[in-house]
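Student: coords please:
(one chain, ligands or ions: 1)
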Amino acid sequence: MRNENLIDTHMHIEEWVNDECEFIDCFEKHREESDLRSLNICTVPTKQRNFCNNIMCALYKLAHPNTYIHGGFDHMIYPITENMPEGMDLVTQYRELMEIGFDGIKLIEGKPIVLKTLGNDLNHPALDKLYSEMEKDGTHIVFHINDPVDCWDITKTSQEFIDKGWFYGDGTYLTYEETYNQALKLFENHPNLKATLAHFFFCGDMPERVIELFEKYPNICVDLTPGCEMYHSFERMHDYYREFFKKYSNRVLLGTDGTFPWATKSHVWCIDILSRFIATNDKMMAFDDSILTGLGIGGEAKENMFYKNYERRVGSTPKPINKEALKDYIHKHWHLLSKDEQDHLVPYVKKYVVGSEN
Ligand SMILES: [Zn+2]
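Tutor: Numbers count the residues shown, from 1 in each chain. Take a look at the predicted model:
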């Protein structure tokens, strides 16, 4: 499908370069080939520390200003504590990101493997303070909470997931229900939090849980970033979900989870499946090669999900980067980066941030 005004609201950068391009341009071919209205890059601490990945996102936006970015936190001390080193507490980190020109925040803190390293408490006072600030500011959050329920059952967890450390049934992780209940408590404490729950909040089989959140909390949305398991549920309950997405079209966002260094064609393929799932009646081979039937939703409901919800929640254009604030951030955190991260960043910082001064 072409010219559909889509925003890919959930992407990541993990690497510096692949055989197509460098990170600084890595989603531009996707933008062009998928006719994207815009895209949103969310910081992840996978291959680099969050400090480094935040800087990469900000550099990307300097190179391509029509890009939204969501920054992330470095907790530094594990399990999490309220006694962070001077100037490194989460609220200060948050303020710095907002000052630089991040459009929102990415929280991966609710993913069981991360939550465990933090101390298995999604409502820890240090996090709670942060939620209060973001709630007060109306800051948009792409929030990953929980994981597919099969990750707790060794007979159902794929080898790929086990290799990634995403099997949670050994007793050291919160259970699926415990994580879910901690999230409910979080929303009760912060009823106006503007959170978009990634991957349909892992509730494809229990849409009533998503509906309950929608009905109670006006600012909660979900994204349809795969998560192939939720598409099995959408297919199994096809008619139900057609009505669901029509009724709640103002609460749903689309994203691919497209991650550099994956090839551009994988993001292009994914957003094509997502848009056809919403807007056509096509039968297609979707994620993990299962059949997916399009919902055939058009008009305002389609436009809401394709881009209007995102623009309403985050802004109709991305915020500009404040170079002085970015310079201060790089200066402050430079000593926390690895030598490898520093070496990779130097030419980009020179080109995009300090310009001719250096
Ligand atoms: Zn993601």
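
Student: Could I get the full set of strands for the stretch 1-150 of the chain?
Tutor: Counting by DSSP state E, counting those that start in this stretch, the stretch 1-150 of the chain forms strands over residues 6-13, 36-42, 68-71, 104-110, 140-145, given from the N-terminal end onward.

Student: where in the stretch 1-150 of the chain is pLDDT low?
Tutor: Counting by pLDDT under 70, the ranges of the stretch 1-150 of the chain that qualify are 1-3.

Student: That one: helices as residue ranges?
Tutor: With helices called from DSSP state H, counting those that start in this stretch, the stretch 1-150 of the chain shows them at 28-33, 50-63, 90-100, 112-118, 125-137.

Student: Pick the most buried one from those helices.
Tutor: Mean neighbour counts were taken over the helices of the stretch 1-150 of the chain using mean count of other Cβ atoms under 10 Å, and the top value, a mean of 24, falls to helix 50-63. The way it works is simple: take the backbone N, C-alpha and C, and place the C-beta from them, glycine included.

Student: Which residues does it contact?
Tutor: For helix 50-63, the surrounding residues in contact (Cβ atoms under 8 Å, 6 or more residues apart in numbering) are 13, 23-26, 41, 43-46, 48, 67, 69-74, 97, 100-102, 318, 321, 323, 326, 329-330, 333, 336-338, 341, 345, 348-349, 352-353.

Student: what's the angle from that helix to strand 104-110?
Tutor: Using axes from the mean of the first three to the mean of the last three Cα atoms, to 10 degrees, one finds that helix 50-63 and strand 104-110 are set 150 degrees apart in direction.

Student: how distant is helix 50-63 from the center of its chain?
Tutor: Averaging C-alpha positions (Cα atoms, centre = their mean, to the nearest Å) puts helix 50-63 15 Å from its chain's average.

Student: do the same with stretch 222-233
Tutor: 14 Å.

Student: do stretch 84-97 as well
Tutor: When distances are taken as Cα atoms, centre = their mean, stretch 84-97 is centred 21 Å away from the chain's centroid.

Student: Span of it from start to end?
Tutor: Taking Cα to Cα, to the nearest Å, stretch 84-97 runs 17 Å from one end to the other.

Student: contacts for it?
Tutor: Defining contact as Cβ under 8 Å, 6+ apart, one finds that stretch 84-97 is touched by 54, 71, 73-77, 82, 105, 126-127, 129-130, 133-134, 325, 328-329, 332.

Student: follow-up on the earlier one: which one of the helices of the stretch 1-150 of the chain lies nearest to Gln182?
Tutor: With Cβ to Cβ as the measure, helix 112-118 is the member of those nearest Gln182 (8.4 Å).

Student: The closest one - contacts with which helices or strands?
Tutor: Helices and strands in packing contact with helix 112-118 are listed as strand 104-110; criterion 3 or more Cβ pairs under 8 Å, 6 or more residues apart in numbering; DSSP states H and E.

Student: what lines up beside the strand it packs on in the sheet?
Tutor: Within its sheet, and counting by DSSP bridges, strand 104-110 is paired with strand 68-71 (parallel), strand 140-145 (parallel).

Student: got the contact list for it?
Tutor: Contacting residues not belonging to strand 104-110 are listed as 40, 42-45, 68, 70-73, 94, 97, 114-115, 118, 122, 127, 134, 139-146, 179, 183, 314 [Cβ under 8 Å, 6+ apart].

Student: Can you dump the C-alpha atoms of stretch 221-239 in PDB for me?
Tutor: Output for stretch 221-239, consisting of C-alpha atoms alone and laid out as PDB, is shown next (Å, rounded to 0.1, in the frame of the first residue of the first chain):
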ATOM      1  CA  CYS A 221      -3.200   3.400  24.500                       C
ATOM      2  CA  VAL A 222      -1.700   0.200  23.100                       C
ATOM      3  CA  ASP A 223       0.600  -0.400  20.100                       C
ATOM      4  CA  LEU A 224       0.300  -3.300  17.700                       C
ATOM      5  CA  THR A 225       4.000  -3.900  17.400                       C
ATOM      6  CA  PRO A 226       4.500  -7.600  16.800                       C
ATOM      7  CA  GLY A 227       4.600  -9.800  19.200                       C
ATOM      8  CA  CYS A 228       3.500 -12.600  16.700                       C
ATOM      9  CA  GLU A 229       1.400 -14.200  19.500                       C
ATOM     10  CA  MET A 230      -1.100 -11.400  19.600                       C
ATOM     11  CA  TYR A 231      -1.700 -11.700  15.800                       C
ATOM     12  CA  HIS A 232      -2.800 -15.300  16.400                       C
ATOM     13  CA  SER A 233      -5.400 -14.000  18.800                       C
ATOM     14  CA  PHE A 234      -6.500 -11.300  16.300                       C
ATOM     15  CA  GLU A 235      -6.900 -14.000  13.700                       C
ATOM     16  CA  ARG A 236      -8.700 -16.400  15.900                       C
ATOM     17  CA  MET A 237     -11.200 -13.700  17.100                       C
ATOM     18  CA  HIS A 238     -11.300 -11.900  13.700                       C
ATOM     19  CA  ASP A 239     -14.900 -10.500  13.900                       C
END
